[in-house]
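1. here is a sequence together with a model predicted from it:
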Amino acid sequence: MTDTILEVTDLGKFFGGLRALSGVCFTVWRGEIFGIIGPNGAGKTTLFNCLSGALKPSTGRIGLDGRRIDGLHPHDICRLGLARTFQIVRPFQGMTVLGNVMVAAYGRHPATADAEHHAHEALRSIGMAHLAHLDAERLSVAEMRRLEIARAIATEPRLLLLDEMLAGLTATEAAALCDQIVALNGRGITIVMVEHSVPVISRMCARSIVLNFGTLLAEGTTQDVLRDPRVQEAYLGSAA
Ligand SMILES: Nc1ncnc2c1ncn2[C@@H]1O[C@H](COP(=O)(O)OP(=O)(O)OP(=O)(O)O)[C@@H](O)[C@H]1O
C-alpha cells in the first residue's frame, strides 16, 4: 500500500473574481520526487503559497501526514514538517551563509550552539560547508539557490517544496543541483518541485501534475502526463 504524505482536496484560491486555483486535487506519496508543471500564470506559486500557509485557501483542504493544515500559520506548518523555497532568494543582509541558515535552525533548536551545529549539518548536506563564513550577499546565483535549500533543510522537513530552483542556472549548475536534490530525497525527504523544464521533470519525477489556468489538467506518471493530448496542447504545444 502507498503511504500518503500530502493530500490536496478541492483546493481553490480566488483573488476577487480571478480563480488562481480551482478544484485542485492530488496526492503525494512519502519518499517520492513529485513534479508540478504548467505555463506561466497557471497557479503553481499560488499552490505553494497555500500549501505553506502564506495564503489561506478559499476552498478545500490540505492534509499533511493525515493532519489538516490549510489555514494554519506558516510557522506552524513548518513545525509540522513542511518547508519551501522561494523563486527569488533574499538572504538576510549583512549575515554570513551560516548565520542565514542558523536563523532557520533556531526554529527547532533555540540554543545557539545547537542551532549552529544543525546549520552546519544543513550546509554540509547541500555541499556548502566551505562557504559557511562567507557574506551571503557575495554568493553566485547557483550558490544562492543552494543557500535557499539549506535554509529549508535546517527546519528539518519531511516534505520539501522547491519552487523553480533551476531557473537561470547553467546546464552544469542545474545538473549538480539536481544531484543534490536526489541526494536529499535519498535521505528520506519527500520533494515536490515546480519546474518549467520538461526534460528535468521527466528525469527527476516519476509522477507529476499539470496545472493550467488554475485547474488540474492531468495527474499520473510523468510519462503518461506528458503524452496527454490536453497537456501537449496547453503546455508543450504553446511552449514549442
Ligand atoms: N496576490 C495576488 N493577487 C492577485 N492575483 C494574483 C496574486 N497572486 C497570483 N495572482 C494571479 O494568479 C494567477 C496564478 O499566478 P501564479 O503566480 O500562481 O502562477 P505560476 O504558475 O506560479 O506562474 P509563473 O510560472 O509565471 O511563476 C495569475 O493570473 C496571477 O496573476
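-> Happy to help now that I have it. This structure is a prediction, so every number in the text was calculated from the model and none was measured. Residues are numbered from 1 along each chain as shown.

2. now residue 101: which helix or strand?
-> Residue 101 belongs to helix 97-105 when assigned by DSSP states H and E.

3. which residues touch the nearest residue to residue 187 once chain neighbours are set aside?
-> Spatially, and ignoring its direct neighbours in sequence, residue 187 is nearest to residue 125 (7.2 Å; C-beta to C-beta, 6 or more residues apart in numbering). Placement of C-beta: from N, CA and C, glycine included. Listed by C-beta atoms under 8 Å, 6 or more residues apart in numbering, the contact set of residue 125 reads 150, 153, 183, 184, 187.

4. test my guess that the second one contacts residue 160.
-> In other words, residue 153. Yes. Counting by C-beta atoms under 8 Å, residue 153 touches residue 160, with 7.4 Å between them.

5. the two - which one has more neighbours?
-> Neighbour totals were compared for residue 153 and residue 160, and residue 153 leads with 26 against 23 (other C-beta atoms under 10 Å).

6. how about the residues of the protein near the ligand?
-> Within the chain, the positions adjacent to the ligand are 15, 18, 20, 38, 40, 41, 42, 43, 44, 45, 46 by C-beta under 6 Å from any ligand atom.

7. determine which two of these are furthest apart.
-> 15 and 38 (17.2 Å; C-beta to C-beta).

8. what about these two, which has more around it?
-> The residue with more neighbours, out of residue 15 and residue 38, is residue 38; 23 against 11, by other C-beta under 10 Å.

9. would you mind measuring from that one to residue 148?
-> Per C-beta to C-beta, to the nearest Å, residue 38 is found 21 Å from residue 148.

10. check residue 224 too.
-> From residue 224 to residue 148 the distance is 31 Å (C-beta to C-beta).

11. more neighbours: those two, which one.
-> Neighbour count, other C-beta under 10 Å: between residue 224 and residue 148, residue 148 has more, with 23 against 13.

12. list the contacts for the more buried one?
-> Applying C-beta under 8 Å, 6+ apart, we find residue 148 in contact with 85, 86, 89, 165.

13. can you rerun that using 10 Å?
-> 84-91, 100, 126, 162-163, 165 (C-beta atoms under 10 Å, 6 or more residues apart in numbering).

14. likewise residue 221?
-> Counting by C-beta under 10 Å, 6+ apart, residue 221 touches 205, 206, 207, 208, 227.

15. quick one: low-confidence parts of this structure?
-> Applying pLDDT under 70 to the chain flags the ranges 1, 235-240.
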